[in-house]
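Q: sharing a model prediction with you, sequence too.
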Amino acid sequence: MELMDLESYNAREISDGVYWVGARDWNQRLFDALIPLPQGTTYNAYLVKGEQKTALVDTVRPGFEEELESRIGQVAELASLDYIVMNHAEPDHAGSIPHIMAKNESAVLVTTKKGAEMASVQYGVPAERTQVVKDGDTIPLGGKTLRFIEAPWLHWPETMFTYVEEDGVLFPCDFLGLHTAHGFYDDEVEELIPFAKRYFGEIMMPFRKMGVKALEKIDGLDVKIIAPSHGPVHRNPDRILSAYRQWVSGETKEKVIVVYVSMWNSTEAMIKTMVETLFSEGIEVNLFRLPDADIGDIARELVDSRGIVLGTPAVLGGMHPVALYATHLVKALRPPLKYGVVLSSHGWSGGAVKQAAEVLGPTKIEVLGAVDIKGPPGPDDEREIVELGKQLAAKIKQGGE
Ligand SMILES: Cc1cc2nc3c(=O)[nH]c(=O)nc-3n(C[C@H](O)[C@H](O)[C@H](O)COP(=O)(O)O)c2cc1C
Ligand SMILES: [Fe+2]
Ligand SMILES: [Fe+2]
C-alpha cells in the first residue's frame, strides 16, 4: 500500500501549525462499560506548533500510545515537546501521559489545580513537572498563544478548555464531542446531530448548568474551529454550538419517551394502550423496549422529552431489575422531564409501582399517576390507562416549562 493511501490515518493539519495526532477506535463497542458505541469513537489529541514552543493537547486511551507517538513524530520531535496540556484526567484522554512523559523527560504537564491532583494520583505525575493554570491564563508558544478556560464538570470536576487565540481553535475535550469513528470533519458525518445529541444525553446532560456557563465563556471568543477529543473536528462551529445551546437550556418538546419491559406481554398490552392514546392526542412518542433497547438512544430522547412512561411487571416484590436499572439511569442523567406515569402488571402482591415511586421521588419529575393491575389488562384497566394517557397528554400540551 502506498503511503498516500494512509493519509487519513496520518497526522492532519486542521489549522496553520495545528495538527490532529489522535487515534481512531473503529471497533470499540462499549464506553465506560455502559454506553453502546454503534460507530466506535476517536480519541483526538492535537499538536500546536509555535515558533519557539510546541504543545500537545490531550493524549489517547491506553493501547493507542504507539499510534499517538507515530503521528506526533510526523510533525514534531516527541523529545522536543515543551507542554502537555491535560484538559481532562479521564484515561481516554490522559491515559497515555505516562508514556509520553517517559519518552520526553522535560515537557511540563499543564492543567487545572484539580487536574494536577488527579494527574498525581492517577498517573504519578510529580509536582515539579506540573504547571497549574487558572481561568484566563495564557502560555505563549511564539506566534501562537494558548489560553485556558476553566470548564468544570464537563465532564469531571477538573475539566478545562484550551484555546489557540491567533487561530480561533478551541479544544473543549469531551464537551461538544460525539462518539463516532466516521468522518474527519463535521460535514463528513451524516448523523452528526443525532450522534452528538446521544452523546450529550449520556455524558453532559447531568451538567447542563455548567454547560450554560461554558457556552457563555465561549461566546466571547472568535471560534473558527472546534476540535473536541471525540468525533469529528467542527469546521462549522455554529452547527454544534446552536444544538448545544438548545440542549443545555433544558427546553422540552411535546414528546413522551416510553421505556418498558415485559416478560409475558401484560405490561406490553398496557403500554400499547397508553401509546395509542398519546398518539391520538397528537403527542410525539418514542418507544424503547428493554432489555435490548440501546441506552444511548434512550439518553438521546431524554434530552428534550417532556414526559416519560415507565412500564414494568412486578418481579420479586419490586420492579423488573432491568426497569430498575433504566429508572436509575433516568434519575442519574437528570433529564428535563416534567411528568411521568407508571404502568405495571403483577401476579399476586405487586411492588413495582412503589419502588418506581421511591426511585423517582427525589427527581423533579411529577408522577401523575400509576396503573397497577393483576395479569393482563381488561376493559376497565384499558379505560383507566386511556384516562391517564389523556391526562398526561393534556399536561404535555400545557408546556410546563
Ligand atoms: C421471575 C418472576 C418474578 C415475579 N415476582 C413477582 C412478585 O414479586 N410479585 C408479584 O405480584 N408478581 C410477580 N411475578 C408475576 C408477574 O409480575 C406477573 O406475571 C405479570 O403479569 C407479568 O407481567 P408481564 O406479562 O408484563 O411480564 C413474577 C413473575 C416472574 C416471572
Ligand atoms: Fe470524560
Ligand atoms: Fe472522553
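A: Right, received. Where do you want to start? Numbers count the residues shown, from 1 in each chain. Ligands and ions are numbered 1, 2, ... in the order given.

Q: who touches the top helix by length along the chain?
A: Secondary structure of the chain per DSSP state H: the longest helix is helix 379-398. Applying CB atoms under 8 Å, 6 or more residues apart in numbering, the external contacts of helix 379-398 come out as 254-256, 270, 273-274, 277-278, 281-283, 306-307, 309, 338-339, 341, 343, 368-369, 371, 373, 377. Where C-beta positions appear, they are placed from N, C-alpha and C, glycine not excepted.

Q: switch to 6 Å and redo it
A: With contact meaning CB atoms under 6 Å, 6 or more residues apart in numbering, helix 379-398 is reached by 254, 270, 273-274, 277-278, 281, 283, 306-307, 339, 341, 368-369, 371, 373.

Q: how about stretch 361-370?
A: Contacts of stretch 361-370 (CB under 6 Å, 6+ apart): 331, 337, 339, 340, 341, 342, 353, 360, 388, 391, 392.

Q: rerun that using 7 Å as the cut-off
A: In this structure, residues lying in contact with stretch 361-370 by CB atoms under 7 Å, 6 or more residues apart in numbering are 308, 331, 337-342, 344, 353, 357, 360, 388, 391-392, 395.

Q: same check, this time on stretch 305-312
A: 252-262, 267, 270-271, 274, 319-320, 323, 327, 330, 337-344, 352, 356, 365, 392, 396, 400.

Q: again, but for stretch 272-280
A: 256, 258, 285, 287, 309, 343, 377, 382, 385-386, 389-390, 392-393.

Q: near ligand 3, which residues of the stretch 151-300 of the chain? Just list them.
A: residue 174 (CB under 5 Å from the ion).

Q: what segments of the stretch 151-300 of the chain are strands?
A: Counting by DSSP state E, counting those that start in this stretch, the stretch 151-300 of the chain has strands at residues 160-164, 169-171, 225-226, 253-260, 284-289.

Q: partners of the last one in the sheet?
A: Strands flanking strand 284-289 in the sheet, each with its direction: strand 253-260 (parallel) (DSSP bridges).

Q: touching ligand 1 at all, the strand it pairs with?
A: No - judged by CB under 6 Å from any ligand atom, strand 253-260 and ligand 1 are separated, with a smallest distance of 8.3 Å.

Q: got the angle between that strand and helix 379-398?
A: Relative orientation of strand 253-260 versus helix 379-398 (axes from the mean of the first three to the mean of the last three CA atoms, to 10 degrees): 150 degrees.

Q: any low-confidence regions in the protein?
A: Within the chain, the stretches with pLDDT under 70 are 1-9, 400-401.

Q: could you pull out the helices for it?
A: 65-75, 91-94, 97-103, 113-123, 192-199, 208-219, 237-249, 266-280, 295-302, 321-332, 352-360, 379-398.

Q: would you list those helices in a markdown table and tack on distance to ligand 2 and mean neighbour count?
A: Converted to a markdown table, these look like this (distance: least, CB to the ion, whole Å; neighbours: other CB atoms under 10 Å):
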| stretch | distance to ligand 2 | mean neighbour count |
| --- | --- | --- |
| helix 65-75 | 17 | 18 |
| helix 91-94 | 6 | 24 |
| helix 97-103 | 14 | 18 |
| helix 113-123 | 12 | 18 |
| helix 192-199 | 11 | 23 |
| helix 208-219 | 13 | 17 |
| helix 237-249 | 16 | 17 |
| helix 266-280 | 34 | 21 |
| helix 295-302 | 15 | 22 |
| helix 321-332 | 16 | 18 |
| helix 352-360 | 26 | 19 |
| helix 379-398 | 33 | 17 |
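
Q: which among those is found nearest to residue 34?
A: Closest to residue 34 of the helices of the chain is helix 295-302 (CB to CB; 7.0 Å).

Q: now for the closest one, which elements pack on it?
A: Taking 3 or more CB pairs under 7 Å, 6 or more residues apart in numbering; DSSP states H and E as contact, the helices and strands that helix 295-302 lies on are strand 35-36, helix 192-199, strand 253-260, strand 284-289.

Q: quick one: that helix to chain centroid distance?
A: Helix 295-302 sits 10 Å away from the centroid of its parent chain (CA atoms, centre = their mean, to the nearest Å).

Q: and for stretch 318-332?
A: 20 Å.

Q: then it to PDB, C-alphas only?
A: In PDB, the C-alpha atoms belonging to stretch 318-332 read as follows (Å, rounded to 0.1, in the frame of the first residue of the first chain):
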ATOM      1  CA  GLY A 318     -40.300  -4.800  43.100                       C
ATOM      2  CA  MET A 319     -39.600  -3.600  39.600                       C
ATOM      3  CA  HIS A 320     -38.200  -5.900  37.000                       C
ATOM      4  CA  PRO A 321     -34.400  -5.400  37.500                       C
ATOM      5  CA  VAL A 322     -33.900  -4.100  34.000                       C
ATOM      6  CA  ALA A 323     -36.600  -1.500  34.500                       C
ATOM      7  CA  LEU A 324     -35.000  -0.600  37.800                       C
ATOM      8  CA  TYR A 325     -31.700  -0.100  36.100                       C
ATOM      9  CA  ALA A 326     -33.300   2.100  33.400                       C
ATOM     10  CA  THR A 327     -35.100   4.100  36.000                       C
ATOM     11  CA  HIS A 328     -31.900   4.700  38.000                       C
ATOM     12  CA  LEU A 329     -30.300   5.900  34.800                       C
ATOM     13  CA  VAL A 330     -33.200   8.300  34.100                       C
ATOM     14  CA  LYS A 331     -32.700   9.700  37.600                       C
ATOM     15  CA  ALA A 332     -28.900   9.900  37.400                       C
END
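
Q: sounds good, over and out.
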